[in-house]
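A.B. asks: Next come a sequence and a model predicted from it.
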Amino acid sequence: MVSDATFTSLLLAHAKLLTTRRPGLAPGATLPRLERGARGVAADPSWLARYRRVCGLADDGALPTLAPQLMAAPLHLALLADPAFPIPAMGIVHVANRTEERARLPSGAALDLVARVAGSREAALGVEIDLVTEATLDGAIVWRTTTTALARRRGEKGGARAKREEGAAGVEGAALRSAIVRVAEDTGRRYARIAGDLNPIHQRAWMARPFGFRTAIVHGTWTVARALAECQDDLPLRPRVVEVRFRKPVPLPSSVVVSAWRRADGALDITVSPPKGGTAHVELRVTPS
């Protein structure tokens, strides 16, 4: 888990990732199956309070949906830094997330965490990578997420866009709620210190431009957490599945509109969109399971 005590080591590790040359994934090749684990990982209360504050999450006594993913940040970093991982880590962007919350986890739960590189495939703009993270409590898997990220081919510019599928943008009728959320210019830097994701694209505009972005962009996991926070009173109870599609980055600074609709099956569809309309930044579906 990321804390003040580990922040300096994470900063040095990110600097090494930025400067270490990687050959890339050869055409037709797949990534090696790499895995890292840690036992008895609990969220530090002060860290958890700061995480909730930066994302606007209420303290309901349970670990927030994506908290275990952030608690596993050192494991993810170790996978990307493994000499057998051939793809440069800097500039990799999220395409999708699928999180299974199989139980309500108390804020102080001590979790056994495992993260692994679960596969890769060719995509229109580069290579898509699946990273699976699991949390076990008392011998049972209680939380699991699959993060899909895109490593762009050399020469490709701009943010990643997932192939369009049926999602929240297709809902009809009046929204349950709709609110404007202002995203300050320093949100990426504030969240980076908590999440341990120090990718330059989230820091400052001049650091993001070499990776094809005009401005810095906020972390996708912040956007998801902020959207869930805005709709917290309407979310299906756990166990549930949270599916996310990242359509286009949220620039820093900016304003976004978070809207939610209830589906007939009890699921909640949520969009994070530009105030003037157009393609959504992020689409979520939260389904009881």
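C.D. replies: Good, I have the coordinates.

A.B. asks: now the helices for the stretch 101-250 of the chain?
C.D. replies: Using DSSP state H, counting those that start in this stretch, the helices of the stretch 101-250 of the chain run over residues 187-195, 205-208, 220-230.

A.B. asks: excluding its backbone neighbours, what's nearest residue 80?
C.D. replies: Once flanking residues are discounted, residue 80 sits nearest to residue 89: 4.1 Å by Cβ to Cβ, 6 or more residues apart in numbering. Where you see a C-beta, it was placed from the backbone N, CA and C, and this is true even at glycine.

A.B. asks: picking up where we left off before, mean pLDDT and distance to residue 138 added to the helices of the stretch 101-250 of the chain, as a markdown table?
C.D. replies: A markdown table is the format used below for the helices of the stretch 101-250 of the chain (pLDDT from 0 to 100; distance: least, Cβ to Cβ, whole Å):
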| stretch | mean pLDDT | distance to residue 138 |
| --- | --- | --- |
| helix 187-195 | 94 | 27 |
| helix 205-208 | 93 | 42 |
| helix 220-230 | 97 | 26 |
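
A.B. asks: what's the most buried one of those helices?
C.D. replies: Mean neighbours per residue, mean count of other Cβ atoms under 10 Å, is largest over these for helix 220-230, with a mean of 24.

A.B. asks: From residue 70, how far out is the residue most central in space within the chain?
C.D. replies: By Cα atoms, centre = their mean, the chain has its centre lying nearest to residue 221, at 3.1 Å. In this view, residue 221 and residue 70 are 7 Å apart by Cβ to Cβ, to the nearest Å.

A.B. asks: and the one helix or strand residue 255 maps to with helix 220-230, angle?
C.D. replies: Under the criterion of DSSP states H and E, residue 255 resides in strand 254-262. Put simply, strand 254-262 runs at 50 degrees to helix 220-230, going by axes from the mean of the first three to the mean of the last three Cα atoms, to 10 degrees.

A.B. asks: The residue nearest to the centre of the chain: what's it in contact with?
C.D. replies: For residue 221, the contacting residues are 66, 69, 70, 94, 97, 195, 197, by Cβ atoms under 8 Å, 6 or more residues apart in numbering.

A.B. asks: mind listing which of those residues are in helices?
C.D. replies: Among those, the members falling in helices (DSSP state H) are 69, 70, 195.

A.B. asks: now, among those, which is nearest to residue 288?
C.D. replies: Distance to residue 288 across the ones in helices among the contacts of residue 221 (Cβ to Cβ) is lowest for residue 69, with 20.7 Å.

A.B. asks: Put the alpha carbons of the strand holding residue 255 into CSV.
C.D. replies: Output in CSV follows, covering the C-alpha atoms of strand 254-262 (Å, rounded to 0.1, in the frame of the first residue of the first chain):
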residue,chain,number,x,y,z
SER,A,254,-11.6,20.9,-16.6
SER,A,255,-15.2,20.4,-15.5
VAL,A,256,-17.2,17.2,-16.1
VAL,A,257,-20.8,16.2,-15.7
VAL,A,258,-21.6,13.0,-13.7
SER,A,259,-25.0,11.5,-14.5
ALA,A,260,-26.7,8.3,-13.5
TRP,A,261,-29.6,6.2,-14.7
ARG,A,262,-31.3,3.1,-13.2
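
A.B. asks: Show me what counts as buried in it.
C.D. replies: Residues of strand 254-262 classed as buried: 254, 256, 257, 258, 259, 260, 261 (neighbour count, 16 or more other Cβ atoms under 10 Å).

A.B. asks: just stretch 105-116 next, same as before
C.D. replies: Within stretch 105-116, the residues that count as buried by 16+ other Cβ under 10 Å are 105, 107, 109, 111, 112, 113, 114, 115, 116.

A.B. asks: Span of that stretch from start to end?
C.D. replies: 22 Å (Cα to Cα, to the nearest Å).

A.B. asks: where exactly do the strands run in the stretch 51-200 of the chain?
C.D. replies: Along the stretch 51-200 of the chain, the segments classed as strands by DSSP state E, counting those that start in this stretch run 93-101, 111-122, 126-137, 140-152, 177-183.

A.B. asks: what would those look like in TSV with mean pLDDT?
C.D. replies: Compiled in TSV, these are given as follows (pLDDT from 0 to 100):
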stretch	mean pLDDT
strand 93-101	94
strand 111-122	92
strand 126-137	94
strand 140-152	93
strand 177-183	96
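
A.B. asks: Now render these as JSON lines, adding distance to residue 191.
C.D. replies: Formatted as JSON lines, the strands of the stretch 51-200 of the chain follow (distance: least, Cβ to Cβ, whole Å):
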{"stretch": "strand 93-101", "distance to residue 191": "14"}
{"stretch": "strand 111-122", "distance to residue 191": "20"}
{"stretch": "strand 126-137", "distance to residue 191": "18"}
{"stretch": "strand 140-152", "distance to residue 191": "16"}
{"stretch": "strand 177-183", "distance to residue 191": "10"}
